[in-house]
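Chemist: coords below, sequence missing:
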């Protein structure tokens, strides 16, 4: 049985290792900083799923006052296909609803067909928007 709970002190290394193993990290993003910022922000949380006495899934979520956002949904490859990703998304959605978020959004890299299919099976729909951005940290 999997337990989904908020991240706890001492979980950080295992969470970052899972994000790396699942291909969610990028050289220009510091996952340790992302984790710290989420933990230090009252309008964000990181949920972890445990099994086999270790962390086997995560989801980071935050509410910026207008939309709820989901990041770093990760499931250990050895535990995929058993519904854990769906459970983590359900937990993230419940957290966002409790914060008063009227809408959930997330971004998926355009070439990640598996993730796009997963989210579409959960009922998420492609939005007619273009994401624009600029680095503010000089990278």
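Modeler: Alright, I've got the coordinates. Not measured: the values here are computed from a predicted model.

Chemist: Any idea how many residues pack against the nearest residue to residue 28 once chain neighbours are set aside?
Modeler: If the residues on either side of it in the chain are set aside, residue 28 comes closest to residue 139, at 4.9 Å by C-beta to C-beta, 6 or more residues apart in numbering. Where C-beta positions appear, they are placed from N, C-alpha and C, glycine not excepted. Burial of residue 139 is recorded as 8 neighbouring residues (other C-beta atoms under 10 Å).

Chemist: Now do residue 139 against residue 15, distance only.
Modeler: The span separating residue 139 from residue 15 equals 22 Å under the rule C-beta to C-beta, to the nearest Å.

Chemist: Any idea how many residues pack against residue 27?
Modeler: Applying other C-beta under 10 Å, I find that residue 27 has 6 neighbouring residues.

Chemist: Output the longest helix belonging to this structure.
Modeler: Assignment by DSSP state H gives helix 84-99 as the longest helix of the chain.

Chemist: who's in contact with that helix?
Modeler: Helix 84-99 is touched from outside by 2, 4, 43, 45, 47, 49, 51, 56-59, 61, 63, 68, 70, 73, 75, 104, 118, 122, with contacts defined as C-beta atoms under 8 Å, 6 or more residues apart in numbering.

Chemist: Filter these down to the buried ones and express that as a PyMOL selection.
Modeler: Buried members of the contacts of helix 84-99, identified by 16 or more other C-beta atoms under 10 Å, are gathered into one PyMOL selection as follows:
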select buried, resi 2+4+45+47+49+51+56+57+58+59+61+63+68+70+73+75+104+118
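
Chemist: So which of the contacts of helix 84-99 belong to strands?
Modeler: 4, 45, 47, 49, 51, 56-59, 61, 63, 68, 70, 73, 75, 104 (DSSP state E).
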